[in-house]
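S.K.: Everything below, folded, please.
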Amino acid sequence: MKSSIKSIFNNIVLFLSFITLIAGIGVLFTIEQSNSFKKVDILNEQKEIISSLQKIDKKDVEIALIQFNGKSTELLYQTQKLYDLIKYDIVGTYILNKADEYKSQLNTLKGLINTYNKNAFIYYKSKKHTESNAKQVFLNSYRTINNHISNIIFTNISYDKSKTEFMFNLTLGIFILMLIFTYVFYKKLGNIYNDIIFLQSPSADPEKYNIYAMETDSIFLRMNKRPVKSQSTSNIDPVTGVNNNKGLINSFAEKKSLKESNFTAIAILEVDNFSKTNRTFPQDFTQAILKKLASTISMYEQATDTIARSDYNEFTIVLSRASKEKAFKEIDQMRQSISELKFTTATKVPVTITVSGGFYIKPSNVSLSNAILETKSMLEHAKHKNGNRISQKKDITGVKI
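M.R.: Residues are numbered from 1 along each chain as shown. The predicted model follows:
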């Protein structure tokens, strides 16, 4: 089964989106690691603050209390900063489930700080007969809170180790997947490039080359289905190189037996407002437009089809397809392709060309000339509907044929 170029490129877009997502996760992990370092810095700073509180001289109680209150306030502020960092800990919250444990440690730390502040206040306010006991309680509070902060630092280091191991394994797995997918897409794109080289080759032989992509196969089949036109100059329009009216009749008669059970459709495409364009631009420019339109229409031509320039600004197409819907779709694709063509005059003026069309499914008992007359009535309907559209019988009658 051949691969689809569209599917391959959709997968590449998905792959690039996946890489972007992984890069985003990497950024988040980097931010988390930075926050983890901030946690340790804050905890060490708290230990320094607590240590400095132990060194406050009690000789002047009022000054000692002012100094203590300032530092203890900073201690509580640092604790709040630790709480704030939890919200950025995505891996710990949603993957390793460490957030609750960390919050519990911070809650304990906050309680110990409050107890420490209370014991410190008691110590600084104590009289000589109670000073020794109060100082011991104050010292015990210091040791307890200092040990708890050390435990938090140790837990944070252990947690960072687990997070790093998780991210390493995840990154390694993703890296291996990226290598595999990069190699796969490299091979697929190489095969698509080989298909393009095959199509460019003037001696392309499908027996010697296995076409990789469905789109390439379709293009190659279409290229091979294009018929060799009659070399008789009396059948060929000299401007566009497609059939003239005489060539249309002769080609239709020659290919009539090839249509088998397919539906035969007649389409007439007329350039919208072309007479006005013809007065505005020189003849060589309008002829270049007609040549380009004939070339665009011919890209859809198959072995059973006939294309002719039937009037100055009209092209008649007789095509045979397996279904009415397919035939109409191809004619409408021709119209769309023509509307997307870009023309520029010698003075760099951009020109957009559109066509109106009539489409008619020819019954086997209706002659080509009568079918063309029916098709022209559809064309007139399309022109009166502001152009750049294909009309068929149901558009006029309102009845689906």
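
S.K.: quick one, phi/psi of Ser391?
M.R.: The main-chain torsion angles of Ser391 are listed as degrees, to the nearest 10 and equal phi -110, psi 150.

S.K.: Pretty sure it sits against Ala382.
M.R.: Yes. Under the criterion of C-beta atoms under 8 Å, Ser391 is in contact with Ala382, at a separation of 3.9 Å. All C-beta spots, glycine's among them, are computed from the backbone N, C-alpha and C.

S.K.: shared neighbours of those two, which are they?
M.R.: Among the neighbours of Ser391, those also in contact with Ala382 (C-beta atoms under 8 Å, 6 or more residues apart in numbering) are 356-358.

S.K.: Quick check on these: which are buried?
M.R.: 356-358 (16 or more other C-beta atoms under 10 Å).

S.K.: Show only the entries of those residues found in strands.
M.R.: 356-358 (DSSP state E).

S.K.: And the shared contacts of Ser391 and Ala382, which is closest to Gln33?
M.R.: For these, the residue nearest Gln33 by C-beta to C-beta is Gly357; the value is 64.8 Å.

S.K.: Quick check: phi and psi on the nearest residue to that closest one once chain neighbours are set aside?
M.R.: Excluding the flanking residues, the one nearest Gly357 by C-beta to C-beta, 6 or more residues apart in numbering is Ile390, at 4.1 Å. Torsion angles at Ile390 (phi, psi; degrees, to the nearest 10) stand at phi -110, psi 120.

S.K.: Pull up the gap between Ile390 and Glu48, please.
M.R.: Computed with C-beta to C-beta, to the nearest Å, the distance linking Ile390 and Glu48 is 83 Å.

S.K.: Redo the shared contacts of Ser391 and Ala382 as CSV? Include distance to Leu341 and pLDDT.
M.R.: Conversion of these to CSV gives the following (distance: C-beta to C-beta, whole Å; pLDDT from 0 to 100):
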residue, distance to Leu341, pLDDT
Ser356, 16, 96
Gly357, 16, 96
Gly358, 21, 96
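
S.K.: Nearest to Glu325, out of the residues you listed: which one, please.
M.R.: Of all the shared contacts of Ser391 and Ala382, the one with the least separation from Glu325 (C-beta to C-beta) is Gly357, at 15.8 Å.

S.K.: could you check the distance from the closest one over to Ser251?
M.R.: Remark: distance between Gly357 and Ser251 (C-beta to C-beta) = 20 Å.

S.K.: got the CA positions of the helix or strand where Thr286 lies in PDB?
M.R.: Using DSSP states H and E, Thr286 maps to helix 283-298. Taking only C-alpha atoms (Å, rounded to 0.1, in the frame of the first residue of the first chain), the coordinates of helix 283-298 have been written out as PDB:
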ATOM      1  CA  GLN A 283      -3.100  40.900 -27.900                       C
ATOM      2  CA  ASP A 284       0.100  39.100 -26.900                       C
ATOM      3  CA  PHE A 285      -0.900  39.400 -23.200                       C
ATOM      4  CA  THR A 286      -4.500  38.000 -23.800                       C
ATOM      5  CA  GLN A 287      -3.100  35.200 -25.900                       C
ATOM      6  CA  ALA A 288      -0.700  34.300 -23.100                       C
ATOM      7  CA  ILE A 289      -3.700  34.100 -20.800                       C
ATOM      8  CA  LEU A 290      -5.500  31.800 -23.200                       C
ATOM      9  CA  LYS A 291      -2.400  29.600 -23.500                       C
ATOM     10  CA  LYS A 292      -2.100  29.300 -19.700                       C
ATOM     11  CA  LEU A 293      -5.800  28.500 -19.400                       C
ATOM     12  CA  ALA A 294      -5.500  25.800 -22.000                       C
ATOM     13  CA  SER A 295      -2.500  24.400 -20.200                       C
ATOM     14  CA  THR A 296      -4.300  24.400 -16.900                       C
ATOM     15  CA  ILE A 297      -7.300  22.600 -18.300                       C
ATOM     16  CA  SER A 298      -5.100  20.100 -20.100                       C
END
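
S.K.: what does it rub up against?
M.R.: Helix 283-298 is touched from outside by 226, 237, 239-242, 269, 271, 274, 277-278, 307, 309, 313, 315, 317, 334, 337-338, 341, 343, 345-346, 351, 353, 355, with contacts defined as C-beta under 8 Å, 6+ apart.

S.K.: Those, buried ones only, as a ChimeraX selection?
M.R.: Buried members of these can be picked out in ChimeraX with the line below, counting by 16+ other C-beta under 10 Å:
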select :237,239,240,242,269,271,274,277,278,307,309,313,315,317,334,338,343,353,355
